[in-house]
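> What follows is a predicted protein model with its sequence.
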Amino acid sequence: MRLKVEPRRQVSKPLQYATPPLSVLGTVVAAFVLFAIMGYDPLRALYDLFVAPLGNVQGLSELALKASPLVMIGVGLAAGFRANVWNIGAEGQLMMGAIAGGGVALAFYGREGWWILPLMSLAAVAGGMAWAAVPAFLKTRFGVSEILVSLMLTYVAEQFLSYLVLGPWKDPEGMNFPQSRMFSDSALLPVLFDGTRVHAGVLVSLLVVVVAWVVMSRSILGFEIRTVGLAPAAARYAGFSQTRVVWLTLLATGGLAGLAGLFEVAGPIGQLIPKITPGYGFTAIIVAFLGRLHPLGILLAGLVMALSYIGADQAQVDMGLPNAATGLVQAMLLFFLLASDFLVRYRVRLVRPAATSEPAPAQKATA
Amino acid sequence: MNLSILVPLLVSVITAATPLLLAATGELVVERAGVLNLGVEGMMLVGAICAFAAMFITGSPILAMLAGAAAGAVLSALFGVLVLTLASNQVATGLALTLFGLGLSALMGANFVGHPIVPLAKLAIPGLSSLPVIGPLLFSHDALVYLSVLMTGAVGWFLNHTRGGLILRGVGESDTSAHSIGHDVIRIRYYAVLFGGAMAGLGGAYLSLAYTPMWVEGMTAGRGWIALALVVFAAWRPWRVLAGAYLFGGVTVLQLYAQGSGFVLVPTQFLTMLPYLATIVVLTLMSSGSVRSRLAAPACLGKPFRPVS
Amino acid sequence: MEGNLSQTTLTAGHTAGTDERLDLRGITKRFPGVVANADVSLAIRPGEIHALLGENGAGKSTLVKIIYGILQPDEGEVRWNGTPMIIPNPHAARALGIGMVFQHFSLFEAMTVLENVAIGLDSPEKPSKLAERIRGVSAAYGLPLDPLRDVHTLSVGERQRIEIVRCLLLEPKLLIMDEPTSVLTPQEVGRLFETLRKLAAEGCSILYISHKLAEIKALCDRATILRGGRVVGGCDPKVETASSMASLMLGAQIKPLARRATTALGPSRLVVGGLDLPADTPHGIGLRGISLDVRAGEILGIAGVAGNGQNELFLALSGERTVETPGTIMIDNTRVGHLGAERRRALGLCAVPEERNGHAAVPEFSLVDNAVLSGHRREKLLAGGLIRAGRALDFATRIIKSFDVRTPGPGAAASSLSGGNLQKFIVGREILQKPGVLVVSQPTWGVDAGAASAIHAALLSLTSEGSAIVVISQDLDELLAISDRIAVINVGVLSAARPTASVSLEELGLLMGGMHEADVAKAASPEREMADAP
């Protein structure tokens, strides 16, 4: 008996849905082993990571809070990935959105008015889009890889934010701390439930999921994006423009990431500080894949990933598990998912070797 | 300019370029075999912490360097299994490898933060090191600096003058042709990926053993990505990787000197941005050189391959 | 049961004993969804030129890949000089003395001829010495080749020589040629045959794979015929008539096309005048001064050796590549040169590209989505930017019904269809959109005979509704059967179209080989000049 691997003529739909939960399971097992090797009680670590946060309102509300940016960015990234547009700089686009939106908040510091938040949001979207427009322009005009450009711009955005909060935007009464003034009330997102930090941005992220779902599965635009990704020549044949799709997906992701960035600084943080994200822009890449690039799947995947963030805090407090363990567990999840994709596309089966009816064993020719 | 300023300046260019050169030379071989491994940053980080840990625990620079290379190779083997055996998407897998390396190195390094080690010793070459100017500039470096240049030369020779190099290029140029002639595409790509991993690990090891002899979380600061850009800049030719790495080393050092020299016309953050912006500019210049650089790229770069049996 | 019958014929060959060089017994190879080879037996003697005859998809390529060690059989036995062998990889095959020239060349564009040869050898050799050997072999067998040229600068014929020289350097005992003439002009074919006969005379066995009956009659000593993965007969092609071999190969007597009498043609529907288009890739072909005029009710055939600008011409007509001068391409008197594919489709120009997977259709998409792909505009499948699912399903179902597409349903992925069925779906999708102008590239490439005749019939009936059709094909028989006029494309230049009835195969061959039209008229008669033609 030997293993035989054959490509499937049609991808397996059931496996396509089954592999993400299976990958989560595999990750849990791998994390168990890893924690045990590192000398942590693996059961307790896993409990802290994946179960404990679900036990109370506080934990659940934090889950919604942390899932919101992941889902918003993940939905945008997924559209891009479908079109083979590899924007990995959402982290930087998020920061630029926070800077632009936060800039508006600081410009109208002390003013009150209903129009401040919408204006900040517009600025944030524009900021994220502007940052994503650079790789879009360079890719469509010169054929430069958007992967490297978008990532390099993340480092640039990080420096820019640091410059602002250390320099011109530093809080004059902030005892020289690297941070801006606290935003005025009109520049802060309304909290939805008293006693939690859940803000209106969470609703926006749900709206984004619904809109993205309709666009990707029902509209000709989504059809165009999928076609460009799967078969560029067929897209040209149908009259779809690759350039347009590159621009659209990058701008959409940039805008969504920018908005997510604003929701961080106008939500839980309330001001501009040097580090406004624990790597949402990168984790959203995993979210997009874990959600099978489908908006609804991304919603679920965002919740799973958010859980690992909150659980990591819990495990750090509870048993001193380093925060870096989260990143590791998240990356392992992506590995498992990518590996299990093999089963979606290929069929593996046991076959009996070719029957040898000859009495003499066939001689093996060697080079 | 005074030689007493220029020589140390150029020496620091060489040291700043070495991690880039090591990693980029490795990635060049990987890409010439038709595989795009975006996990260089992750492999460098894990290489850095493993080398540092080995140095801290054993005190042996040789073991430390080996540990760095081995760690990079192990991570790249993981990448190989996914991309080569399981034919997964190379871009996504490379990203996953970088995220994995970030997390793993931070976790492994948690207990090593703030500990000092003895930096990698400078190897004096009898006769040459005592020469004026040339001696301190070219012949007073540590083993990894020499190795980085030697490896670049060796890779150049291997690719263009050996049968193994010919086959490796063939695999990157047309996987189907190489397969139908009878070369084991997957195995050759495994070798290339492992080599690339070991070189990235060495690049990371250089950072934590010599460049800044300590462990800091995320200490590569994007050098893995710059190494990837260097391969494009070099149009997949080893000697141009050498030139590119020293050019980027120069940009880095210039930026550091400007920050340190006191006459701050520009805020330091803008100077820190320079290498990243330079990368974008260089990539754009290379890509708009259109036809020639497109011809240079291995035709099968990034395409998954699975033989039917 | 022809299968059994011919089995006996061939087993009779086996009784000859161990003087067979290669002896295949009961080879079976399965792929998901198909049995590529079923119980195939075949024997080849030293010095014999043996034809392996069959349609596209009959299992010829699979069988030779097994002989060459690229694929392993699921069942059956390979004997080499009487000894049972397992040939695990091409290295082993070459060590035995088996060489193969692939249909799709196994060459490396960015390397030199010398490097291309060296990479295919199993023992390293000094470049200078190897170059010398290459020059020697190419002189001895009439295969001129410069070892230091880059492959991407060579013509298709020259590239094939690299493959052949690569094999000959190994001094093979068996040379496998997989469809070697599909990329050659008739004159190049003649030269290739001389080389092969010389080799056979020196004792080398040759397994010659083709579906072209005339070639096999001219060259081969024996033939084995495959259909649907099975051996359906063996014969001496010198004795057998072409039509008897054809009916074995195709399974049934194929009715000749009922070619309608050319009716009165309508006005010009597609006019191209002085179309220039630069190559868009380093290895591409540019179009120069292309002019053509197709009238309502007419089929214009465009012949040519593969890689002479057919793809570029197709893209320029379909609108996937545009030109800056609108007037160079006119659809029903509208200037469209600058318009993209979608706008041209709106004006009535539909197109069927050569490549089904990834160009004409998205393999991962369902048939419904593939119907939307090119039909969303003319079939009004959109409302306010959203896809009208009901109408799309309806359109896909109509295509499946009208063109007899065998599929579990419109929700099946395009990749799950056989080549012929997918091609029927694609052609049907375009024809049902009632195009004024239809541009079709290789309409029946890799399609079984039944589907091919259905496609031809559909094209003919479209012309009777007043459409103008351009058919780009490398299959001369196909073009001669369905076109009203034929033009030839060579290195990006299109000859003037001539009425099909008045051109000879020989003239076409000369045009395909790059002779100018004026010269062709002169050269067509004296035999000697033709042989000297470059």
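Perfect, I can see it now.
> Might one say that B:Gly101 is in contact with B:Cys50?
No - assessed by Cβ atoms under 8 Å, B:Gly101 is found out of contact with B:Cys50, at 10.8 Å. In short, each C-beta sits where N, CA and C put it, glycine included.
> The two - which one has more neighbours?
B:Gly101 (31 against 28; other Cβ atoms under 10 Å in any protein chain shown).
> Where does the prediction get shaky in chain A?
For chain A, residues meeting the criterion pLDDT under 70 lie at A:1-2, A:351-367.
> now do chain C
Applying pLDDT under 70 to chain C picks out residues C:1-18, C:33, C:56-57, C:250-263, C:281-283, C:513-534.
> the strands in the stretch 1-150 of chain B, which residues?
For the stretch 1-150 of chain B, the strands defined by DSSP state E, counting those that start in this stretch occupy B:122-124, B:140-142.
> buried ones in the last one?
This means strand B:140-142. B:Ser140, B:His141, B:Asp142 (16 or more other Cβ atoms under 10 Å in any protein chain shown).
> who does that strand touch, helix- and strand-wise?
helix B:3-32, strand B:122-124 (3 or more Cβ pairs under 8 Å, 6 or more residues apart in numbering or on different chains; DSSP states H and E).
> Tabulate the strands of the stretch 1-150 of chain B in TSV, adding columns for mean pLDDT.
Below are those laid out as TSV (pLDDT from 0 to 100):
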stretch	mean pLDDT
strand B:122-124	82
strand B:140-142	83
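> can you count the residues close to B:Arg187?
When neighbours are defined as other Cβ under 10 Å, B:Arg187 has 11 of them.
> That one should be in a helix, yeah?
Yes - according to DSSP: H, G, I helix; E, B strand; the rest coil, B:Arg187 belongs to a helix.
> Can you dump the C-alpha atoms of stretch C:197-213 in PDB for me?
Written as PDB, here are the backbone C-alpha positions of stretch C:197-213 (Å, rounded to 0.1, in the frame of the first residue of the first chain):
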ATOM      1  CA  ARG C 197      14.900   7.900 -41.500                       C
ATOM      2  CA  LYS C 198      18.600   8.200 -41.200                       C
ATOM      3  CA  LEU C 199      18.400   7.400 -37.500                       C
ATOM      4  CA  ALA C 200      16.300   4.400 -38.100                       C
ATOM      5  CA  ALA C 201      18.700   3.100 -40.700                       C
ATOM      6  CA  GLU C 202      21.400   3.200 -38.000                       C
ATOM      7  CA  GLY C 203      19.300   1.000 -35.900                       C
ATOM      8  CA  CYS C 204      17.500   3.400 -33.600                       C
ATOM      9  CA  SER C 205      13.900   2.600 -32.900                       C
ATOM     10  CA  ILE C 206      11.500   5.500 -33.200                       C
ATOM     11  CA  LEU C 207       8.100   5.800 -31.500                       C
ATOM     12  CA  TYR C 208       6.300   8.500 -33.500                       C
ATOM     13  CA  ILE C 209       3.200  10.000 -32.000                       C
ATOM     14  CA  SER C 210       0.700  11.800 -34.200                       C
ATOM     15  CA  HIS C 211      -2.800  12.100 -35.300                       C
ATOM     16  CA  LYS C 212      -1.900  13.100 -38.800                       C
ATOM     17  CA  LEU C 213      -2.500  10.200 -41.100                       C
END
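> any residue of that stretch up close to chain B?
No - using Cβ under 8 Å from any Cβ of the partner chain, stretch C:197-213 stays clear of chain B, with a minimum separation of 14.7 Å.
> Report the buried residues of that stretch.
Within stretch C:197-213, the residues that count as buried by 16+ other Cβ under 10 Å are C:Leu199, C:Ala200, C:Cys204, C:Ser205, C:Ile206, C:Leu207, C:Tyr208, C:Ile209, C:Ser210, C:His211, C:Lys212, C:Leu213.
> now, which of those residues lie close to chain A?
Applying Cβ under 8 Å from any Cβ to the buried residues of stretch C:197-213, none is adjacent to chain A.
> from those residues, which is closest to chain B?
Of all those, C:Ile209 has the smallest distance to chain B: 14.7 Å, by Cβ to the nearest Cβ.
> what kind of secondary structure is the closest one in?
Going by three-state DSSP, the state assigned to C:Ile209 is strand.
> For residue 229, give me its contacts.
The chain I'm using is chain A. By Cβ atoms under 8 Å, 6 or more residues apart in numbering or on different chains, the contact list for A:Gly229 reads A:Phe81, A:Arg82, A:Ala83, A:Asn84, A:Val85.
> ah, I was thinking of chain C
Applying Cβ under 8 Å, 6+ apart, one finds that C:Gly229 lies in contact with C:Val34, C:Val35, C:Ala36, C:Asn37, C:Ala38, C:Val40, C:Ala58, C:Gly59, C:Thr62.
> thinking again about what came up before, and of the contacts of A:Gly229, the nearest to chain C?
Set against chain C, the nearest of the contacts of A:Gly229 by Cβ to the nearest Cβ is A:Arg82 (11.2 Å).
> which element is the closest residue to the closest one other than its chain neighbours on?
Nearest in space to A:Arg82, with sequence neighbours left out and distances taken as Cβ to Cβ, 6 or more residues apart in numbering or on different chains, is A:Gly229 at 4.6 Å. Element membership for A:Gly229, per DSSP states H and E: helix A:220-230.
> Would you mind listing the buried residues in that helix?
A:Ile220, A:Leu221, A:Gly222, A:Phe223, A:Glu224, A:Ile225, A:Arg226, A:Thr227, A:Val228, A:Gly229, A:Leu230.
> Quick one: distance of that helix to the chain centre.
Offset of helix A:220-230 from its chain centre (Cα atoms, centre = their mean, to the nearest Å): 21 Å.
> Counting neighbours, what do you get for the residue in chain C that chain B sits nearest to?
Taking Cβ to the nearest Cβ, chain B has its nearest neighbour within chain C at C:Pro90, 2.9 Å off. By other Cβ under 10 Å, the residues close to C:Pro90 number 24.
> Now do the contacts for the nearest residue to B:Val81 once chain neighbours are set aside.
In space, B:Val81 comes closest to A:Ala339 once its chain neighbours are excluded; the distance is 7.8 Å by Cβ to Cβ, 6+ apart. Residues in contact with A:Ala339 (Cβ under 8 Å, 6+ apart) are B:Val81, B:Leu82, B:Leu86, B:Ser88.
> how near is A:Ala339 to B:Val185?
According to Cβ to Cβ, to the nearest Å, A:Ala339 stands 20 Å off from B:Val185.
> swap in B:Ile5?
Distance of B:Ile5 to B:Val185, computed by Cβ to Cβ: 52 Å.
> Between these two, tell me which one has more neighbours.
The neighbour comparison of B:Ile5 against B:Val185 (other Cβ under 10 Å) goes to B:Val185, with 24 against 10.
> for the more buried one, what are its contacts?
By Cβ under 8 Å, 6+ apart, B:Val185 lies in contact with B:Val171, B:Asp175, B:Ala178, B:His179, B:Phe305, B:Pro307.
> and these near chain C, which?
B:Ala178, B:His179.
> Of the contacts of B:Val185, which one scores lowest on pLDDT?
The member of these with the lowest pLDDT is B:Pro307, at 77.
> That residue: neighbour count?
14.
> In three-state terms, label it for me.
Per three-state DSSP, B:Pro307 ends up coil.
> Can you tell me how far the residue nearest to it when sequence neighbours are not counted is from chain A?
Nearest residue to B:Pro307 in three dimensions, chain neighbours excluded: B:His179, at 5.6 Å (Cβ to Cβ, 6+ apart). To chain A, B:His179 is 15 Å away according to Cβ to the nearest Cβ, to the nearest Å.
> Surely B:His179 is in contact with B:Cys300?
No - in this structure, B:His179 is not within contact of B:Cys300 by Cβ under 8 Å, at 10.8 Å.
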